[in-house]
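Asks: kindly return the folded structure for what I paste below:
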Amino acid sequence: MLWNKNKLFCEINPTCYAISEQKEIIRRHIKDLTGKTRFASVRSDEKLPELVNSQSSHLIKRAPGIDITLQENKAVNIRLACEKINGMIIHPGETFSFWHTVGKTTRRRGYKDGRVIIGGKLIPGIGGGLCNLSNTIHRLVLHSPLEVTEFHSHSDALAPDEGKRIPFSSGTSVSYNYIDYRFRNNTDQNVQLLVWCDDDNLYAELRSEREFAQCFSITEEDHHFCKENDKYFRVSKIYKVVTDRSTGEIIDKILVLDNHSEVMFDPELIPEEAMRQ
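Replies: Below you'll find the predicted structure:
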């Protein structure tokens, strides 16, 4: 068999991919052990008094072309991860790490096959679907002054929109442990993450000791779909808007994502009015 020299080692076959992945996992472990980052590790059952922001999302997407078994497995995975995160206190100067908190997702720990993206394709994989949880946490953090220190994106068009479009409804990628989601508490007070599920939904809250002087919102501009060669993409610009709480004056508008996401669902399901040439 001839080897395509333009291919990366991890792209040759599944075994090479697994070897490359283990190398990255070990590299991240060494970096964290030898680094100076202080990771949040304390959880509390007592809620901090001030609600900074709250988010929710459906655990199970039901739409044409979606494997309902993988969706149900995703819900199991998210519930297990929530048990590790719920109540986490992030002290000033500390960093929240998704994988430091959740740990490795294995069948022995109860995780199941959900949807993962490998090589640009949606396939079953152990612990799949946790991007739904990391993305929900990211939406909380964007509504605060906290500093995102590690963020990886995947397609923001995994499935057709359910109802009204929500900016950052998906798109935050995590994969143990080298593709992490992290934020640092760069404020002078403790903050807290609460995440939990009922039968149908994932809920999340970011709480603090005191009200912040600014409030934050997310806006999306120029949202549309387009076709490029034989592929379809969701395109938009997503901004974080910072407003002075006392005056109501907008004091900053920060581009957080120049969105250009390949559509991972049947393009026939794209609303005609959302397409642009």
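
Asks: my read: D156 touches F233, true?
Replies: No. Between D156 and F233 there is no contact under Cβ atoms under 8 Å: 9.7 Å. (C-beta placed from N, C-alpha, C; glycine too.)

Asks: now the helices for the protein?
Replies: 14-34, 68-85, 98-102, 131-142 (DSSP state H).

Asks: between the ones you listed, which has the poorest mean confidence score?
Replies: When the helices of the chain are ranked by mean pLDDT, helix 14-34 comes last with a mean of 84.

Asks: quick one: the strands in this structure?
Replies: For the chain, the strands defined by DSSP state E occupy 42-43, 50-58, 88-90, 95-97, 113-118, 121-126, 147-150, 182-184, 191-197, 201-208, 214-228, 231-244, 250-262.

Asks: in a markdown table: those, plus mean neighbour count and distance to E273.
Replies: Listed next are the strands of the chain as a markdown table, based on neighbours: other Cβ atoms under 10 Å; distance: least, Cβ to Cβ, whole Å:
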| stretch | mean neighbour count | distance to E273 |
| --- | --- | --- |
| strand 42-43 | 13 | 46 |
| strand 50-58 | 17 | 23 |
| strand 88-90 | 21 | 42 |
| strand 95-97 | 21 | 39 |
| strand 113-118 | 20 | 28 |
| strand 121-126 | 15 | 26 |
| strand 147-150 | 14 | 33 |
| strand 182-184 | 22 | 36 |
| strand 191-197 | 22 | 34 |
| strand 201-208 | 20 | 28 |
| strand 214-228 | 14 | 9 |
| strand 231-244 | 17 | 14 |
| strand 250-262 | 14 | 18 |
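
Asks: which neighbours do D156 and F233 share?
Replies: S261 (Cβ atoms under 8 Å, 6 or more residues apart in numbering).
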